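Peer 1: Could you work out the structure for the sequence below:
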Amino acid sequence: MITKYAKLIKEARIKRGVTQSELAVKLGISRPSYIAVEQGKKELTLGDFEKLSSLLGISFKELESGESPNYEKYKQMILAFLRQSKKMPKTKLAKLLYFADFGWFYYRLQSMSGMQYRKIQYGPVPDAYFRIIDEMFDGGKIDIKQTEDGAMLISQTRSGARVDLSQISQEEMGFIKSIGKKWEGKKTADIVDFTHKQFPYLFANDNDIVSYDIFTQENPDEIF
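Peer 2: Next up is the predicted model:
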């Protein structure tokens, strides 16, 4: 546990250009004590966790899990799914991404993107999902059209530019393709109902983060 969050803290500190001494001062501890934290030799108090969450711009849940979301890879996963379908409802796309992350964790004990998913009415979804979709639309990566019944259809833009999927391995891409193929042509309501019957959704309270660990107890035939 210590080693997991130690690595995340070090990566977040370096990414933000903060020195060990600067962070030690802000935490109110000595530099050697802080170095011991990054080396996985020293425990953090709850207060230290809360301070680091604010200082490094990462959530308490991310610190606790020791896994930092890879937002760029998550965006590439979105584009990978859209390559298989000309257009897709926004809610259905969110569920396919959930299957990719949790299904990968089921077999590898590591999610594909590192995103944390929250239990909402239409199934597990990351807090950042809607923001990321807006960013990709504003950046010209995807198109969004609203149907007469209010559904949002998402598609990849036809700019002709090469789509960067460099962060997705060949094996991960194969897994994404298998998920897309299974749910191709299926209604959004069907995929939402499927996620509602899975352990992460069933055992989480409304608006809580759903558990990757509990997903490992799922029936192999019910992964996606």
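Peer 1: in stretch 46-61, what's buried?
Peer 2: D48, K51, L52, S53, L55, L56, I58 (16 or more other C-beta atoms under 10 Å). C-beta: built from backbone N, CA, C; applies to glycine.
Peer 1: any idea how far it is from the chain center?
Peer 2: 18 Å (C-alpha atoms, centre = their mean, to the nearest Å).
Peer 1: State the mean pLDDT of it.
Peer 2: Stretch 46-61 shows an average pLDDT of 76 in the prediction.
Peer 1: And this protein, what are its domain boundaries?
Peer 2: Annotated domains of the chain cover 2-65, 71-222 [automatic domain parsing].
Peer 1: worst average pLDDT in these?
Peer 2: Across the domains of the chain, the lowest-scoring stretch is domain 2-65, with a mean of 80.
Peer 1: Within the helices and strands, which one has the closest residue to M112 other than its chain neighbours?
Peer 2: In space, and not counting its chain neighbours, M112 is closest to W104: 4.4 Å by C-beta to C-beta, 6 or more residues apart in numbering. Counting by DSSP states H and E, the element that carries W104 is helix 90-108.
Peer 1: What residues of that helix count as buried?
Peer 2: 90-106.
Peer 1: In contact with the residue lying farthest from the centre of the chain: list those residues for me.
Peer 2: When distances are taken from the C-alpha mean of the chain, S30 lies farthest, 33.8 Å away, according to C-alpha atoms, centre = their mean. Listed by C-beta atoms under 8 Å, 6 or more residues apart in numbering, the contact partners of S30 are A24.
Peer 1: any idea how far it is from V37?
Peer 2: 11 Å (C-beta to C-beta, to the nearest Å).
Peer 1: D190: which element?
Peer 2: Using DSSP H and E, D190 falls in helix 188-196.
Peer 1: what is the orientation angle of that helix with helix 90-108?
Peer 2: 30 degrees (axes from the mean of the first three to the mean of the last three C-alpha atoms, to 10 degrees).
Peer 1: Please report how far the residue most central in space within the chain lies from V192.
Peer 2: Taking C-alpha atoms, centre = their mean as the criterion, M115 is the residue nearest the geometric centre of the chain, at 1.7 Å. Using C-beta to C-beta, M115 is found at 18 Å from V192.
Peer 1: Which residue ranges of the chain form helices?
Peer 2: 2-15, 20-27, 31-38, 46-56, 60-65, 71-84, 90-108, 129-138, 170-183, 188-196, 199-202 (DSSP state H).
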